[in-house]
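3D model of this:
(one chain, ligands or ions: 1)
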Amino acid sequence: MIKNPIPWPDGAKCAVAITFDMDADSILHLAYPDNAINKISALSMLRYGPEVAIPRILDTYKQLDIQQTFFVPAWCIENYPSTVKAMVDQGHEVAHHGYIHEYPGSCSLEEERYWLKYGIKTIENITGQRPKGWRAPYYDFSGNSADLLIEEGFLYDSSLMGDDIPYILKTDKGELIEFPCHNGMDDWPQFANYTDFKYEMPIKAPSQGLEIFREEFDVMYKYGGLWVSVWHPFVTGRLANWDKIAELIEYMKAKVDVWFAKMEDIALYVRKCIDDGSYTPRIDKLPYYKDKVVLTHKK
Ligand SMILES: [Zn+2]
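Residues are numbered from 1 along each chain as shown. Okay, the predicted model is just below:
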């Protein structure tokens, strides 16, 4: 099923990266710059993430003895510093997720570069280290994103959906490791019903909605893939969902031969395997197209 499986460390059958995007209320201010501050109910729902869900998630991680990755917009770091500090204090990775969850694809090259640098600085201030990874807000990886990330020395991206295992994004400027995710591993399609964002999916029971994540894990374990969740504290961190997720993590941990790791550690490991020749990744050359694809009539 997988043509070029990675030799995961210590004989692990698959790797697991539980990644949370701590967007908090950044997305509301972006969507409603003029009146988000009056949308108190929506604000309360989104602020549940840093205020209630993240402390709960950190407690579970501590009990299960795992360290994972949080993608955090710089604006959220500035507005919820103690929440982010708690992530850092427990050894988790804080990775880059834009400034205020802006759409990179709608930014000019200079704007995208500006917010990327701004986020790097903000993360450096709170963690003492440059971020090694990035996830595009809204998965909106622009035509300039890869080059900008390479320019700033990023090791990896986790916004694209082109494979089941890590692969390489190559441009004329260099390369990046890609940790692919996909919409089925996002919690919005299962649980999000937010009229303010015009996203109104029928909310599933936790046990039903979470089944997809378990089945995704089973297949990654079977074939040696990389399991990457794209979860949001205000969605998956709600009480009933997180209660079930804690069971799912225990189920994954009970397999023993599963590697739970921060994405920065997975990136360093994959880079080592590529360099010593034990892993030959698939390479995606960007851009995919040099010009617009248009319907033309050939005479
Ligand atoms: Zn996000």
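
Tell me which residues touch the closest residue to the ion within the chain, please.
Residue nearest to the ion within the chain: D21 (3.6 Å; CB to the ion). Bear in mind the C-beta positions are built from the backbone N, C-alpha and C, glycine included. D21 makes contact with 70-72, 97, 135, 230-232, according to CB atoms under 8 Å, 6 or more residues apart in numbering.

want to try TSV for those, with distance to F260, neighbour count and pLDDT as columns?
Below are the contacts of D21 laid out as TSV (distance: CB to CB, whole Å; neighbours: other CB atoms under 10 Å; pLDDT from 0 to 100):
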residue	distance to F260	neighbour count	pLDDT
F70	15	24	98
F71	17	26	98
V72	20	31	98
H97	21	28	98
R135	19	26	98
V230	17	22	98
W231	15	24	98
H232	20	22	98
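
helices or strands next to whichever helix in the chain runs longest in the packing?
Taking DSSP state H as the criterion, the chain has its longest helix at helix 109-127. If you count contacts as 3 or more CB pairs under 8 Å, 6 or more residues apart in numbering; DSSP states H and E, helix 109-127 packs onto helix 74-79, helix 81-89, strand 93-96, helix 145-151.

still on that earlier bit, where does the residue of the chain closest to the ion sit relative to S229, distance-wise?
From D21 across to S229, the span is 10 Å (CB to CB, to the nearest Å).

Get me the contact residues on this protein for the ion.
21, 23 (CB under 5 Å from the ion).

M161 reaches H182, doesn't it?
Yes: applying CB atoms under 8 Å, one finds M161 in contact with H182, separated by 4.5 Å.

about what we covered before: could you dump the longest helix of the chain to CSV, C-alpha only?
Below are the C-alpha coordinates for helix 109-127, written out as CSV (Å, rounded to 0.1, in the frame of the first residue of the first chain):
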residue,chain,number,x,y,z
LEU,A,109,4.7,38.2,-1.2
GLU,A,110,5.8,41.1,1.1
GLU,A,111,2.8,40.8,3.4
GLU,A,112,3.3,37.1,3.8
ARG,A,113,7.0,37.5,4.5
TYR,A,114,6.2,40.3,7.0
TRP,A,115,3.8,38.1,9.1
LEU,A,116,6.0,35.1,8.8
LYS,A,117,8.9,37.1,10.3
TYR,A,118,6.6,38.6,12.9
GLY,A,119,5.5,35.2,14.0
ILE,A,120,9.0,33.8,14.2
LYS,A,121,10.0,36.7,16.5
THR,A,122,7.0,36.2,18.7
ILE,A,123,7.6,32.5,19.1
GLU,A,124,11.3,33.2,19.8
ASN,A,125,10.3,35.6,22.5
ILE,A,126,8.2,33.0,24.4
THR,A,127,10.1,29.8,23.7
